[in-house]
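S.K.: fold the stuff below for me.
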Amino acid sequence: MTSAPPTAAVLLIGDEILSGRTKDKNLGFIADYMTALGIDLKEARLVPDVEEEIVAALNALRTRYSYVFTTGGIGPTHDDITADAVARAPGFQMGNVFVMAGVPKIMNAMMEDVATRLTRGIPMQSRNVEFRGGEGDAAQPLGQIQRLYPNVVIGSYPFQAPDGFATNLVLRSRDLQALEEAYQAVCRMAQALTAEGKARGWA
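M.R.: Reported below is the predicted structural model:
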């Protein structure tokens, strides 16, 4: 039986993100990086440059997850207080907390070093099926497939295609056999629904 994969959380720090002056780019990068390392990113929080709130968030996250990554608040400006908050020190580690820069280019470079210190899991594999129909059309049969393959995470993401409603069906799992079986089942489901839609004049 395989052991549970490592888990992680991200704590984004900065009044400038909350005010909208800065658009965060770090969360997506960290999420992709964790996926590649086989680490499950479970939670993300955003807090202002207030020491008490940073401390409270870190204390909650560091006991719940294998790793916590903070971004922002370690520069030389007057409101960069993360270093002091974590100590009650640019890029450093304290226990399972990794304090990273908020500037994406710098943070990305820091992650290359941090990655060497992380316990890795088995990376998630994914499959994608594009279904030419609405999300609701696939909900019931997709739920049946999900119950048959509990080790596979199945998500549906609707979008507007040039010829009408469409849905991306995304399957993710560390169990490659279950993933392949579920993928084939979803492909058959999508084909059947598409044929039914055409017969009724929906597509």
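
S.K.: quick one: list the elements packing against the helix of greatest length in the chain.
M.R.: Criterion DSSP state H: the longest helix present in the chain is helix 176-199. When contacts are defined as 3 or more CB pairs under 8 Å, 6 or more residues apart in numbering; DSSP states H and E, helix 176-199 packs onto strand 125-131, helix 135-148, strand 164-173. Quick note: C-beta positions are derived from backbone N, CA and C, even for glycine.

S.K.: winner for burial among those?
M.R.: Mean neighbours per residue, mean count of other CB atoms under 10 Å, is largest over the helices and strands packed on helix 176-199 for strand 164-173, with a mean of 18.

S.K.: related to what we said a few turns ago, contacts for the longest helix of the chain?
M.R.: Applying CB atoms under 8 Å, 6 or more residues apart in numbering, the set of residues contacting helix 176-199 from outside is 125, 127, 129-133, 137-138, 141-142, 145, 148-149, 151-152, 154, 169, 171-173, 203.

S.K.: can you do 7 Å?
M.R.: Applying CB atoms under 7 Å, 6 or more residues apart in numbering, the external contacts of helix 176-199 come out as 125, 127, 129, 131-133, 137-138, 141-142, 145, 149, 151-152, 169, 171, 173, 203.

S.K.: next structured bit after the helix or strand bottoming out on mean pLDDT in the chain?
M.R.: Within the chain, no helix or strand scores below helix 82-87, which has a mean of 51 by mean pLDDT, DSSP states H and E. Proceeding N to C from helix 82-87, the next assigned helix or strand is strand 92-94, under DSSP states H and E.

S.K.: elements contacting whichever helix or strand comes after that next one?
M.R.: Counting by DSSP H and E, the next helix or strand C-terminal to strand 92-94 is strand 97-100. Strand 97-100 is packed against strand 67-71, helix 82-87, helix 104-114, with contacts defined by 3 or more CB pairs under 7 Å, 6 or more residues apart in numbering; DSSP states H and E.
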